[in-house]
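Visitor: predicted structure and sequence below. I'll ask about it afterward.
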Amino acid sequence: MVFFQLSVLLTINHQGGTDGTAPGLLLNLNVILATIGSAIFFRARQSKYTWTALAISTCLILGMSIHFAIEEGIAWSSIGGMCLALVTADFYAMEALGMSHLMSSSKIKFTNHETVSIKTSSSAILMLLLGTPIAAVFSHQSFLDGYKIFANFQYYDYALIVLAGGIIMGSSRMLYYACLAMSGPTYTTSTLLLMFFWTPIFQYIFIAVNVPNKISEPKWYYWVYVIPIVFCTFIISSNEFLVHASKVRWKRAFHELFGKIPKQNTK
């Protein structure tokens, strides 16, 4: 669903000239829904600390949106971007649930590596067939214009950029599915929330290397919101430990964590 998220960014950013923080914070609203969805669809139990961190993160994201709207102004296209972020979260959940159902109902018993490879490949095909034309529509072009990008493959430098981007996106998708299989939905959701931290870091890097596009330096108040969001991310990523600690008491949970005593099965 990377290209659906790209569609959101194009909708927000089609007029150009942005520091990227406003689109980033609006886009990451789907992370909040992803965690809530994990509790519903994956039946992942959330601790009271996790729900508190989610509530604080939501308030901080909305507060940052209001702050950007007052200080810099957010275009009306950003409102559409926020709505598309909700749709993106739905598509993301549908893809994950659909693929999980197909893989589990198959008579063939796939290994974890095979499962991850199949899910990543199916996502890549969907992105090629639907992602680019949908992104073209949201950037005020025709649906078929999205397929014209493939005509540029005759230029080796453009093809190399697309190939490198595909490898990076494919690798990230494989890591996502692998982490989802090993760690559960809570950990993988928290990694998405960390995009708040990495977005400005990449902005500083792009400014340092003088990329041709206009990129502004992140505003100081962005970090005022991001630092507590990252702290909440740590709480969310520790959900499984917090749930276990609430059952066996904190002292025993920490002793189990550091290997001083064997872990107690609470299922």
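Guide: Okay, I see it.

Visitor: what's the burial count for W220?
Guide: By the other CB atoms under 10 Å criterion, the neighbourhood of W220 contains 7 residues. In short, each C-beta sits where N, CA and C put it, glycine included.

Visitor: that one and P133, how far apart?
Guide: Using CB to CB, to the nearest Å, W220 is found at 39 Å from P133.

Visitor: also S105?
Guide: 30 Å.

Visitor: who has more neighbours out of these two?
Guide: Comparing S105 with P133 by neighbour count (other CB under 10 Å), the higher total belongs to P133, at 21 against 7.

Visitor: from memory the more buried one sits against D145, does it?
Guide: Yes: the pair P133 and D145 passes the contact test of CB atoms under 8 Å, sitting 7.4 Å apart.

Visitor: give the contact list for W51.
Guide: When contacts are counted by CB atoms under 8 Å, 6 or more residues apart in numbering, W51 touches no other residue.

Visitor: report the secondary structure element holding it.
Guide: Counting by DSSP states H and E, the element that carries W51 is helix 48-71.

Visitor: check I118 too.
Guide: In this assignment (DSSP H and E), I118 forms part of helix 112-126.

Visitor: can you give me the mean pLDDT across that helix?
Guide: Helix 112-126 comes out with an average pLDDT of 67.

Visitor: repeat for stretch 54-67
Guide: Per-residue pLDDT over stretch 54-67 has a mean of 76.

Visitor: what does stretch 228-238 give?
Guide: So the average pLDDT for stretch 228-238 ends up being 76.

Visitor: pull it out as PDB, backbone CA atoms only.
Guide: Written as PDB, here are the backbone C-alpha positions of stretch 228-238 (Å, rounded to 0.1, in the frame of the first residue of the first chain):
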ATOM      1  CA  PRO A 228       6.700  12.800  23.600                       C
ATOM      2  CA  ILE A 229       5.300  10.900  20.600                       C
ATOM      3  CA  VAL A 230       8.500   8.900  20.400                       C
ATOM      4  CA  PHE A 231       8.200   8.200  24.100                       C
ATOM      5  CA  CYS A 232       4.600   7.000  23.600                       C
ATOM      6  CA  THR A 233       5.900   4.800  20.800                       C
ATOM      7  CA  PHE A 234       8.200   3.100  23.300                       C
ATOM      8  CA  ILE A 235       5.200   2.400  25.500                       C
ATOM      9  CA  ILE A 236       3.200   1.000  22.600                       C
ATOM     10  CA  SER A 237       6.100  -1.200  21.500                       C
ATOM     11  CA  SER A 238       6.300  -2.600  25.000                       C
END
